[in-house]
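>>> Pasting the sequence and the predicted coordinates here, then a few questions.
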Amino acid sequence: MSETAAVGAHAHGAHAEHHELGFIRTYVFSTDHKMIGRQFLFMGLFMMILGGLLALLVRWQLAWPESEVPFTQWIPEPHMYAGHMDAAAYNSFFTMHATIMIFFVVMPILVGAFGNFLIPLMIGTRDMAFPLLNMLSFWIALFSGFIMLAGFCIPGETHAASGWTAYSPLAAVPAFTGVNAGQNLWCISLIVLGISSLMGSINYITTIINMRAPGMGFFRLPLTIWALFIVAILLLLALPVLTGALAMLLFDRMAGTSFFQPAGGGEPLLWQHLFWFFGHPEVYILILPAMGIASDILSVFSRKPIFGYRAMAFSMIGIAFLSWIVWGHHMFQSGMNPALGTTFMISTMVIAVPSAIKTFNWLGTLWGGNIIFSVPMLNALAFVSMFVIGGLSGIYMASTPVDIFIHDTYFIVAHIHYVVFGGSVFGIFAAVYFWFPKMFGRMMNETLGKIHFWPTFLAFNGTFFPMHILGIGGHMRRIYNPLQYDFLKPMQPINVFITVSALCLGVAQIPFVINFFWSLFAGKKATINPWNANTLEWDAPSPPPHGNFGEIPTVYRGPYEYSSPLVPEDFLPQSRKLAPEVSARASH
Ligand code: HEM
Ligand SMILES: [Cu+2]
């Protein structure tokens, strides 16, 4: 491995010196993994604003169903009717909120942006294995985003409206939702996105296997890289199942087949099986990168080695494997044989074991550490604690008798947001604050970061915690007007409280946007290793030039040697060569 890497690196390094790339090749059609990472980041952050605004529309409707939504008079019919939405528009808003957040925010940022940016830097190489394929995967993802956004612009109809799960036959027959072209574009966009992810995952896997720097054994990889490696394998295996199912759905809608329609002899449950065979691993695709990122950040800001490094890597492998065999827990209510239901229940609960291993190891890392409450650290701590709450509510949902009671209620919505917002989005924030200096060469402002973090953390809990209570009270998810149901009326104040918190949560993102753009142009210049971290990306200049490293680093140890007795400083970078007599002491 090391020899090929070195030879490849040499050839590439030589090539980089020969010519300057123009504006277009540097910023637009770039094959540099770092630029592609930044492109994915900007795409995801832009979509985050859109997905967030859609969530606020949904929330406004749930709190004050009959009232006009402020600032929306300009939105044309049939999305809004002079500031009001109808039930069809509501359906399309929550569908597009979820679709955008999952496919165009969390995946592009955690996997697309940080995967691209970090993998070559952290394993010590100059670029991805297939830079051109990498560029294509970004442009195909962007193209898919345009197709998705085009669905908002079809005259006379709303966007896709059958939920992000697109259950059939609801999604298969245009008359059922009243959406025709919008739903087709939704399918096509996700098929195209699936192709992009396939390209990306092949690239990640090849790069991590073949291009690690000399000395960078698998068990010296930072946990962020372990997580991204496992996620790439999950993507490679899960996404094609969705892509195939979407193609079948499109055939049902446009070509007269009836794979999923009982009227034509089809099988609606087939859609659910295919969808969740993809869908459950998907939730781990969303959370695993954040787990890796949080592990790295907790170790850096506790100034301690990560507790149980191998257990952390193996528990991620265990989680990924188990995520394959539990999809049926989404189908307890579909009339499945109770014996099979119990099998899915038990296998689902087994995921608690590797998840608990990870949690206790994070606590073990913090224990007795010299903790620095920087903004990346605060977000990583929020990730751990919110992920625990999301994981605990997951155990309730996994048990069939309880699930029959809370199925399709706001308990589910509470759970999913503790996992995807409390988990993935806090992971995104932690990563942005942590790697911003490396990505853009400037520091983000700590004070603004805290003004962003604390209100976000409080408003997040104010928004999503009461949803558990609503759910236990029987509040259905995906309803347009709670006031239509007498038994929900006493709970309406909770709905109002949630929406007010959600609006605060939205406002709390303003300091982040200001901080991000202000720091981009006027932030303090970053030094090469502002956090005194050990991993290889901190050996490259901030931001790293084309080709990343002057000379490919050699790796002498694992990534978490903080407070090592071998050196006076409290950090010992992976690439630092110690004098032979000092290294000898280490092996005793
Ligand atoms: C401002 C923050 C957010 C608010 C106020 C919010 C609100 C909501 C609401 C009210 C629903 C349910 C709609 C309905 O069933 O009628 C929903 C659904 C959903 N949201 Fe969010 N959301 C937020 C952020 C996010 C984020 C960051 C993600 C993902 C990264 C996300 C993913 C989802 C998903 C997957 C669903 C679908 C759940 C289902 O299957 O019913 N949301 N959101
Ligand atoms: Cu699941």
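Cool, got the structure. Residues are numbered from 1 along each chain as shown. Ligands and ions are numbered 1, 2, ... in the order given.

>>> which residue does the stretch 101-250 of the chain bring closest to ligand 1?
As assessed by C-beta to the nearest ligand atom, ligand 1 sits closest to M101 within the stretch 101-250 of the chain, at 3.3 Å. All C-beta atoms are positioned from the backbone trio N, CA, C, and that covers glycine.

>>> Next: the stretch 201-350 of the chain.
Closest point on the stretch 201-350 of the chain to ligand 1, by C-beta to the nearest ligand atom, is L286, at 6.9 Å.

>>> Please name every helix or strand in contact with whatever helix or strand that residue lives in.
Assessed by DSSP states H and E, L286 sits inside helix 268-302. Under the contact criterion of 3 or more C-beta pairs under 8 Å, 6 or more residues apart in numbering; DSSP states H and E, helix 268-302 touches helix 114-123, helix 223-254, helix 309-322, helix 352-366, helix 375-398, helix 410-419, helix 426-440.

>>> which residues sit against the fourth one?
Outside of helix 352-366, the residues within contact range by C-beta atoms under 8 Å, 6 or more residues apart in numbering are 291, 294-295, 298-299, 302, 304-308, 311-312, 314-316, 318-319, 322, 384, 387-388, 391, 395.

>>> coming back round to it: buried residues, the helix holding L286. List them.
By neighbour count on 16 or more other C-beta atoms under 10 Å, the buried set for helix 268-302 is 268, 271-302.

>>> Could I get the average pLDDT for it?
Taken as a whole, helix 268-302 carries a mean pLDDT of 97.

>>> returning to that earlier point: okay, now the residue of the stretch 101-250 of the chain closest to ligand 1: neighbour count?
27 (other C-beta atoms under 10 Å).

>>> For it, what are phi and psi?
phi -60, psi -40 (degrees, to the nearest 10).

>>> number of nearby residues for the residue nearest to it when sequence neighbours are not counted?
Closest residue to M101 apart from its sequence neighbours, by C-beta to C-beta, 6 or more residues apart in numbering: G51 at 4.4 Å. G51 has 21 neighbours, counted by other C-beta under 10 Å.

>>> Quick check: which helices or strands does the helix or strand harbouring G51 pack against?
Taking DSSP H and E as the criterion, the element that holds G51 is helix 33-63. When contacts are defined as 3+ C-beta pairs under 8 Å, 6+ apart, helix 33-63 packs onto helix 87-99, helix 114-123, helix 131-150, helix 426-440, helix 492-507.

>>> a markdown table for these, including mean neighbour count, mean pLDDT and distance to ligand 1?
A markdown table is the format used below for the helices and strands packed on helix 33-63 (neighbours: other C-beta atoms under 10 Å; pLDDT from 0 to 100; distance: least, C-beta to the nearest ligand atom, whole Å):
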| stretch | mean neighbour count | mean pLDDT | distance to ligand 1 |
| --- | --- | --- | --- |
| helix 87-99 | 22 | 97 | 3 |
| helix 114-123 | 27 | 98 | 15 |
| helix 131-150 | 19 | 97 | 15 |
| helix 426-440 | 26 | 98 | 9 |
| helix 492-507 | 18 | 98 | 4 |
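
>>> hmm, back to that, just the buried residues of the contacts of helix 352-366.
Applying 16+ other C-beta under 10 Å to the contacts of helix 352-366 flags 291, 294-295, 298-299, 302, 304-308, 311-312, 315-316, 318-319, 322, 384, 387-388, 391 as buried.

>>> Return the distance of stretch 177-188 from the chain's centre.
25 Å (C-alpha atoms, centre = their mean, to the nearest Å).

>>> Residue numbering should commence at 21 henceforth.
I'll keep to 21 as the first residue from here, and by that count the last item is stretch 197-208.

>>> Rounded mean pLDDT for it, please.
Rounded mean pLDDT across stretch 197-208 is 97.

>>> In it, which residues are buried?
In stretch 197-208, counting by 16+ other C-beta under 10 Å, buried: T197, G198, V199, A201, G202, Q203, N204, L205, W206, C207, I208.

>>> Among these, which pair sits farthest apart?
Greatest spatial distance among the buried residues of stretch 197-208 (C-beta to C-beta): G198 and I208, at 19.0 Å.

>>> re the thing from before, would you mind measuring from the residue of the stretch 221-370 of the chain closest to ligand 1 to P588?
Noted for L306: a distance of 41 Å to P588, by C-beta to C-beta, to the nearest Å.
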